[in-house]
Structures are given as structure tokens and as C-alpha cells.
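Student: Predicted coordinates and the sequence they were generated for:
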Amino acid sequence: MKKILLVCAAGMSTSLLVNKMKDAANKRGEEIDIFALPISESSSVIDEVDVVLLGPQVRFQKAQVDSMVKGRVPVEVIEMRAYGTMDGEKVLNRAFELIGE
């Protein structure tokens, strides 16, 4: 099962996006684990995920996340418009592109 980690600040808006992404995955029949954590808790699961997406509000922490994954998985900041409109399908599609599926 693929795992997508969304890195956020406090988690409120990112939790909404996680739910939208899960809805989009369910509509496709995809079995995928999608969850959000603040940067301070990300290191505990970073070795178990297939892609890391950062909320735009924590884009300044991308270098820190890059150093945690050490090139093992893709790390990208979620496009601002997709995040702002909570477009779970678009963000999920991008995650799959990054994973290579």
C-alpha cells in the first residue's frame, strides 16, 4: 500500500485536504494511506512513506524535509491553488505522478 505524508503547521486545513484526497482515492478504488503531521513529528514516519507533500504554509521547511528523506522519496510543496481550493483529486494525481504511477 502506498503512503502519502502531508507536512503541515498545525494540521487543521491539511486534515481537510487529507479527507478530500481519501475521497478521490476511494472513488478510483485506490487503496492508499494518506495522513498529515507537523514537521516535528514527521521524522517518526519518514522512512515508511512513498512521497512527502508540504503545505504551502511550510514551504520554507522543504530543505529540512529533503535532508530527512535523503533522496529516498520525492518531496514537493503542494501547489497553492490546489491547496487553497482543497482540490484533493489534483493533489492526489500529483502525488501519483511523483511516485511514478
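Tutor: Perfect, I can see it now. Residues are numbered from 1 along each chain as shown.
Student: I'd like the next helix or strand past the longest helix that the chain contains.
Tutor: Longest helix of the chain, by residue count under DSSP state H: helix 12-28. Next helix or strand after helix 12-28 toward the C-terminus (DSSP states H and E): strand 32-38.
Student: Can you tell me the closest non-neighbouring residue to Lys90?
Tutor: Using C-beta to C-beta, 6 or more residues apart in numbering and skipping the chain neighbours, the partner closest in space to Lys90 is Ala82 (4.5 Å). Yep, even glycine has a C-beta here, placed from its N, CA and C like the rest.
Student: The one you found against Ala95, yeah?
Tutor: No. Using C-beta atoms under 8 Å, Ala82 is not in contact with Ala95, being 10.9 Å away.
Student: Compare those two (neighbour count), which wins?
Tutor: Using other C-beta atoms under 10 Å, the more surrounded residue of Ala82 and Ala95 is Ala95, with 25 against 18.
Student: Surely the more buried one is in contact with Ile4?
Tutor: Yes. Ala95 lies in contact with Ile4 (C-beta under 8 Å); the separation is 5.0 Å.
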